[in-house]
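In: predicted coordinates and the sequence they were generated for:
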Amino acid sequence: MYSEKVMDHFMHPRNVGVIEDANGVGQVGNMKCGDIMKIYLKIENDVIVDVKFQTFGCAAAVATSSMATELIKGKSVQDALKLTNTAVVEALDELPPVKMHCSVLAEEAVKSALADYYRRQGIDPVPIVGCAGDCDVCHTDHGHGEENE
Amino acid sequence: MYSEKVMDHFMHPRNVGVIEDANGVGQVGNMKCGDIMKIYLKIENDVIVDVKFQTFGCAAAVATSSMATELIKGKSVQDALKLTNTAVVEALDELPPVKMHCSVLAEEAVKSALADYYRRQGIDPVPIVGCAGDCDVCHTDHGHGEENE
Amino acid sequence: MEKKDFSAYVYADNAATTRLSETALEAMLPYLTTYYGNPSSLYSFSHESRKAISNARADVAAVLNADPAEIIFTSGGTESDNMAVVGAAKANAAKGKHLITTTIEHHALLHTMKQLEKEGYSVTYVPVDGEGTVDVEALKAAVRPDTTLISVMMANNEVGTIQPIAEIGEFARSKGILFHTDAVQAAGHIPIDVKAMNVDMLSISGHKFHGPKGVGVLYLRKGVRITPLLQGGGQERGRRSGTENVAGIVGLAAALKEASAEMEKETARLKSLVKRLDEGILQIPYARKTGHPTNRLPGLASYVIEYIEGESMVLHLDMRGIAASTGSACSTGSLDPSHVLMAMGIPHEVAHGSLRISLGKYNTDADIEKILTELPEVVALLRRMSPVWPGNK
Amino acid sequence: MEKKDFSAYVYADNAATTRLSETALEAMLPYLTTYYGNPSSLYSFSHESRKAISNARADVAAVLNADPAEIIFTSGGTESDNMAVVGAAKANAAKGKHLITTTIEHHALLHTMKQLEKEGYSVTYVPVDGEGTVDVEALKAAVRPDTTLISVMMANNEVGTIQPIAEIGEFARSKGILFHTDAVQAAGHIPIDVKAMNVDMLSISGHKFHGPKGVGVLYLRKGVRITPLLQGGGQERGRRSGTENVAGIVGLAAALKEASAEMEKETARLKSLVKRLDEGILQIPYARKTGHPTNRLPGLASYVIEYIEGESMVLHLDMRGIAASTGSACSTGSLDPSHVLMAMGIPHEVAHGSLRISLGKYNTDADIEKILTELPEVVALLRRMSPVWPGNK
Ligand SMILES: Cc1ncc(COP(=O)(O)O)c(C=O)c1O
Ligand SMILES: Cc1ncc(COP(=O)(O)O)c(C=O)c1O
């Protein structure tokens, strides 16, 4: 079902944890949906010098969170803003169609943390970051997959 | 499918053949139906001293012919008239439901031969023997059996 | 690609499917090799396969307290369910087009009902209580003059709750309404008596009791007429056409007979394994059992573990050599978690953490110990990385 | 009861069913023993069975020149036929309710059509000529604006005649009408190319080419939507629910792949066996071949032998250690002989004497010699006791 890369990032997630003195924190998803991602950024001179995450969710949620943090670590804020869910999926080789929303959530979690970073600096994030975290992915229809027994 | 007795009478039919000097001969069924039975009787002093048959048809047709001849051999004409298809079936242990018409045909073949015997003696057989051989068994509905492949 | 070695693997998902028993496999092999004749053929070679089916039919009938002529072999539980519901609905369409079922049926039942709704039937879905027991009073109240069928599963596949089938059967019979029960999870695990239970139709699937996959049974009471689902060569007395899966049928019967013979002993053994499991698992904070506390399948243990997402839990257990399952949304590819847990009133966020451990004849004490070693570690690990676990920060 | 010894038996009824090939059995066994996981489950143990199905799907697709996503596994030819016809009829009911088929289809097709007629569809049954070839002009003429489906079998199971499928496929495609072909007797015996033949749906049954019983395939062309016959857990991408018969699916694919690889060699071998058979059998007075003289399945030899009733002939052959079949009325439990022979214009009285000898990969020269020794004796014996054989008196 999952690619080896997904399983690797799920079993050995990179950058798990909390940054106590983060200056950008974002959380998306909710318990009802079954996925919550929280991302902590430590940004210095517009560069992401540290990133951590906490995720409640399925293997794809964990793996996309992990990969998303890897992809933005050490990058400039401008580059991080360009992160797309497709880039996350590609970096993980592939994701089952019914799990694509997890990559969307990961993108949104990063954006939400970046928005928080802007907000803390007194900058309105909306024109820069756009919608982040309120895109209601929980209610998208993901098609009819196969079910157990 | 068939009982051992049916298979025995099919593989080793009793009384197959022709009686050249028969004084009662009856034939029922037709090629279209797939069953034809012909019975030859040699009757002396109202006793069936010899009986032979020829049958074109399935195993049940052969076996019921064979058993019917066994059941009337040496019997009086009066007793032979009492032969029923049920008696033939019982003597063969059992017959598949779709093959019951063969036992009816065997009963009719005997009656047809007996009718011929009466006719040759100038006696109208109908009041004695009843309908024989014209009962149109070919067009009875035998229900829906299992089919091959 | 190298095949993984599963010799030390703890298979604890027997409600999903089971390992074929040696007895069943032995019974099947002659019909996969030597006696391959088509059961419908005339010649003696085919007597062997025909006799095998007829013996299997008698064996299954004996287990259910049915008549051999009432046993129809199908391709599995799904076909049996579809055949019963669609067949009864169609055959009685002139009489009425209202059907009754429950909210916790298997999708083989529910999706079939949904399809019938599209075709002009109306369906009442009777609710269940918090333990998964159907509301019999609501069911009785749902009956209308045009009700032609009631279908209630015998035991639920997710939480193991056993339904009051005999009570519903008696009611349905008294109302002259056909009664079907999906006994796919029940057969081979709890006693079934179609006569005592007043059942008209009953579905079974071979692979749920250590028989083969791809073969099932529909019990159809004498005198009950339904429209066949599969038309053709007239096999199974015209009720289910198609060349018979001889080996599968023989395997199903052998496994069912074996499970029946072992049932009493197995039930006691499984119950004690589950007891030990419960003791261990319920020590995990925010873990609790789902389904009926006592009136349940002996080998099926179902839980919800809060602040845990089921798919992650199952995959971590797998990496540690344990097969279990979850009704989490993520595991099904839909966004809602199990309709069964929802119907029982368990909130979404809790239902995501459902865990089903279902034991069978090949599970041992050691399996339980392994689960009790690994599961708490997996739960702790997942909670440690959770943004919502109250224990963090 | 003692089992009869069939080691010297000549099995010549391969159109009824076939012996499972060693290759297929070998391929199946791991999935009947070690790798029993439910293909839908999450954990790695189930990857083995999931992968097995996916490989089987790819193998079947390759043989048919199809895409793996176009292959749906079913419980056999009957289910595939029912699913195709009912599914297409229902899915297109808004467009029209007229269906076209032929008079010589298998009952899995014909009885399904009859059922649809009861449900308000209208069906045209296109006739065949004396050799069993469908009248393509009549078929074309039968098309109406409300025609939604044409179903014509690829090769007939009683007389072996092969139909002009590519020609009909091209016509159907040009008219925008769905085209289904029952390839149950064809698959594994003659080349099939769903693309070149413009086929939308195609049915296959495992046990007709040395694969297992109780498993089949429906090829469903990409983009064609039909209403599923079995609703439930959503297996086979929602098109055919029910826990997969993993071993059966693997066995079917292995057998089909093997038959494909051996086809060229086997065809030549079977043709020469049939040639020898023809030479011998046609020496029997009043015996002649049925079906198309050349455009026919390589291993299927069909005859009528006048003044002989088929069931008696088949049972006598059986006693002499030979399995063959007949379309005689008596063999089917109905009063009319084979609808196929009737449709070909063969009179009742002649059709009763039909004989089908169908050869497969396990038949040898010695088998043919045995048939040619025994059959004339059986015919003579039966004619000797016949009241109508012209040779008597
Ligand atoms: C309660 C119940 N009904 C029906 C089914 C369907 O059976 P199958 O998948 O064997 O067709 C299952 C399991 O799959 C089940 O658990
Ligand atoms: C032409 C044809 N179609 C369909 C079928 C049905 O296949 P099955 O009996 O495997 O379901 C058969 C044989 O049985 C057949 O010969």
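Out: It's in. Ligands and ions are numbered 1, 2, ... in the order given.

In: what about the spatially closest residue to A:Met1 that is not a sequence neighbour, how many neighbours?
Out: Excluding the flanking residues, the one nearest A:Met1 by C-beta to C-beta, 6 or more residues apart in numbering or on different chains is A:Pro96, at 6.0 Å. The C-beta positions use only the backbone N, C-alpha and C, and glycine is treated the same way. For A:Pro96, the neighbour count with other C-beta atoms under 10 Å in any protein chain shown is 15.

In: so for A:Pro96, what's the pLDDT?
Out: The per-residue pLDDT reported for A:Pro96 equals 91.

In: for C:His111, see how far away it is.
Out: 22 Å (C-beta to C-beta, to the nearest Å).

In: one more: A:Ala106?
Out: 33 Å.

In: same question for A:Gly34.
Out: 23 Å.

In: what do you get for C:Lys208?
Out: 19 Å.

In: more neighbours, those two?
Out: C:Lys208 (30 against 24).

In: with adjacent residues omitted, what lies nearest to that one?
Out: C:Val184 (5.7 Å).

In: need the contact list for C:Lys175.
Out: C:Val143, C:Thr147 (C-beta atoms under 8 Å, 6 or more residues apart in numbering or on different chains).

In: if you set the cut-off to 7 Å instead, what comes out?
Out: C:Val143 (C-beta atoms under 7 Å, 6 or more residues apart in numbering or on different chains).

In: tell me the SS of C:Glu117?
Out: Going by DSSP: H, G, I helix; E, B strand; the rest coil, the secondary structure assigned to C:Glu117 is helix.

In: now swap in C:Ile204 and tell me
Out: strand.

In: my read is that it contacts C:Ala183, right?
Out: Yes. Shown here, C:Ile204 and C:Ala183 form a contact pair, counting by C-beta atoms under 7 Å, at 5.8 Å.

In: now do the strands in the chain.
Out: All of this refers to chain A. A:24-30, A:35-44, A:47-56 (DSSP state E).

In: ah, I was thinking of chain C
Out: According to DSSP E, the strands that chain C contains are C:10-11, C:71-74, C:98-102, C:122-126, C:147-151, C:178-182, C:201-205, C:216-220, C:287-289, C:300-305, C:322-323, C:354-358.

In: save those strands as CSV, and put in mean pLDDT and distance to chain A too.
Out: Shown next, in CSV, are these (pLDDT from 0 to 100; distance: least, C-beta to the nearest C-beta, whole Å):
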stretch, mean pLDDT, distance to chain A
strand C:10-11, 98, 14
strand C:71-74, 98, 17
strand C:98-102, 98, 17
strand C:122-126, 98, 18
strand C:147-151, 98, 18
strand C:178-182, 98, 12
strand C:201-205, 98, 9
strand C:216-220, 98, 13
strand C:287-289, 98, 16
strand C:300-305, 98, 12
strand C:322-323, 98, 12
strand C:354-358, 97, 9
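
In: out of these, deepest packed?
Out: Of the strands of chain C, the one with the most neighbours on average (mean count of other C-beta atoms under 10 Å in any protein chain shown) is strand C:201-205, at a mean of 31.

In: could you report the neighbour count for the residue lying closest to C:Ala62 once chain neighbours are set aside?
Out: Nearest residue to C:Ala62, sequence neighbours excluded (C-beta to C-beta, 6+ apart): C:Lys257, at 7.9 Å. Neighbourhood size, C:Lys257 [other C-beta under 10 Å]: 20.
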